[in-house]
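Q: Return a 3D structure for these sequence lines:
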Amino acid sequence: MDFLIEEVAKEYIYRRFPRASIGEKEKYVRDWKNKIKDSQALVRDFRERVGDPKGKKILDVGSGNGGISIAFAQAGADVSGIEIEEDLYKIGQLHAKSYGVTPIFYLYDGQSLPFQDNSFDYAVSASVLEHTDDPVRYLNEILRVVKPGGSLYLGFPNKWAPIETHTQLPFLTYLPKNLRSSYIKTFHRNPLADNNLHFYSYFDLLKMIKPSNDLYKWVIVSEEGKSQNIFKKSVRNVLKFFGIPYKSALKHILVILKKEKI
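A: Here you go, the predicted model:
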């Protein structure tokens, strides 16, 4: 594992993001280094909110360095990881081998998933949606390959968070699009195009999941939130009073989408 992080991951990150600052590159390396631990925490949350992944067919959509696929494989799931970058596809395989698990990784064109309809019990998409040019197609393809009654565990940064997740710049997403590049350049951050970075909100998601066929649709599973912090509970109650989903105000939006008949 140390070899993968220090040699493979660092080489990939420094080559993949040549215009990123040294600080950004090292942050990427640290994120990779913590990927398994973070992914194991994701699996625990998945188990609580969706169900036990053991013995289930799970699709990791945008598998990256393979951390999430590895964590689900460790939990006993039958995992397939899908990736558009060949380098990441190879790194995912190396990563899984170093942990002694065997998720199956696939390369695809970023358009159509190479699986038949209704192939998976569940799908996971963690911090991938913001890197997609066509999120509607992306979500519809996942809808197609998940079984009826199955779920998508979906997480992505909220574009209205005061600090943008990837660049760590305050109020970047509040600026007009034509000013963002100058703002990023001023603070020597990686250009948005290098990471194919887009910004979406909870309300953007509602538009993305409008039914596109006559058979099935994504439905957001209603959740009340687990935090017992008095301040956070108060905020949730105020938002609820005004009919605003509390998840729309979170820094990182995390929802469970269920495939249901129209």
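Q: from here on, contacts and neighbour counts on C-alpha atoms
A: Noted.
Q: Can you show me the helices along this structure?
A: 2-3, 10-16, 22-33, 35-49, 67-74, 86-99, 135-145, 177-186, 202-208, 230-241 (DSSP state H).
Q: could those be laid out in CSV, adding mean pLDDT, mean neighbour count and distance to residue 108?
A: Shown next, in CSV, are those (pLDDT from 0 to 100; neighbours: other Cα atoms under 10 Å; distance: least, Cα to Cα, whole Å):
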stretch, mean pLDDT, mean neighbour count, distance to residue 108
helix 2-3, 56, 10, 27
helix 10-16, 91, 15, 19
helix 22-33, 87, 16, 22
helix 35-49, 95, 16, 23
helix 67-74, 97, 27, 16
helix 86-99, 93, 19, 9
helix 135-145, 96, 20, 12
helix 177-186, 94, 12, 30
helix 202-208, 96, 15, 22
helix 230-241, 76, 13, 40
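Q: for those helices, which one sits closest to residue 193?
A: helix 177-186 (9.5 Å; Cα to Cα).
Q: Contacts for that closest one, please.
A: The contact list for helix 177-186, computed with Cα atoms under 8 Å, 6 or more residues apart in numbering, reads 167, 169, 172, 173, 190, 191, 192.
Q: rerun that using 10 Å as the cut-off
A: Residues outside helix 177-186 that contact it (Cα atoms under 10 Å, 6 or more residues apart in numbering) are 167, 169, 171-175, 188-193.
Q: Output it as CSV, nothing but the C-alphas.
A: Coordinates of each C-alpha in helix 177-186 appear next as CSV, following Å, rounded to 0.1, in the frame of the first residue of the first chain:
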residue,chain,number,x,y,z
LYS,A,177,-18.7,31.8,-14.7
ASN,A,178,-16.6,34.3,-16.6
LEU,A,179,-14.9,35.5,-13.4
ARG,A,180,-14.1,32.1,-11.9
SER,A,181,-11.0,31.4,-14.0
SER,A,182,-9.4,34.7,-13.1
TYR,A,183,-10.2,34.1,-9.4
ILE,A,184,-8.6,30.6,-9.6
LYS,A,185,-5.6,31.9,-11.5
THR,A,186,-5.0,34.7,-8.9
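Q: what about the longest strand in this protein?
A: strand 146-157 (DSSP state E).
Q: in that strand, what counts as buried?
A: 146, 147, 148, 150, 151, 152, 153, 154, 155, 156, 157 (16 or more other Cα atoms under 10 Å).
Q: What is the nearest of those residues to residue 132?
A: residue 156 (11.2 Å).
Q: Surely the closest one is in contact with residue 204?
A: No. Using Cα atoms under 10 Å, residue 156 is not in contact with residue 204, being 11.6 Å away.
Q: one step back: now the buried residues of strand 146-157 in TSV, with distance to residue 200?
A: Listed next are these as TSV, based on distance: Cα to Cα, whole Å:
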residue	distance to residue 200
146	23
147	26
148	26
150	24
151	21
152	17
153	16
154	13
155	11
156	8
157	7
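Q: Residue 200 and residue 136, how far apart?
A: Separation of residue 200 from residue 136 (Cα to Cα, to the nearest Å): 12 Å.
Q: List the residues that are in contact with both of those two.
A: residue 129.
Q: ok so, going back, okay, and which of the contacts of helix 177-186 map to strands?
A: Per DSSP E, the contacts of helix 177-186 never map to strands.
Q: which of those count as buried?
A: 167, 172, 173, 188, 189, 190, 191.
Q: List the buried residues for stretch 193-203?
A: Residues 198, 199, 200, 201, 202 are the ones in stretch 193-203 that count as buried (16+ other Cα under 10 Å).
Q: And the furthest pair within the residues you listed?
A: 198 and 202 (13.7 Å).
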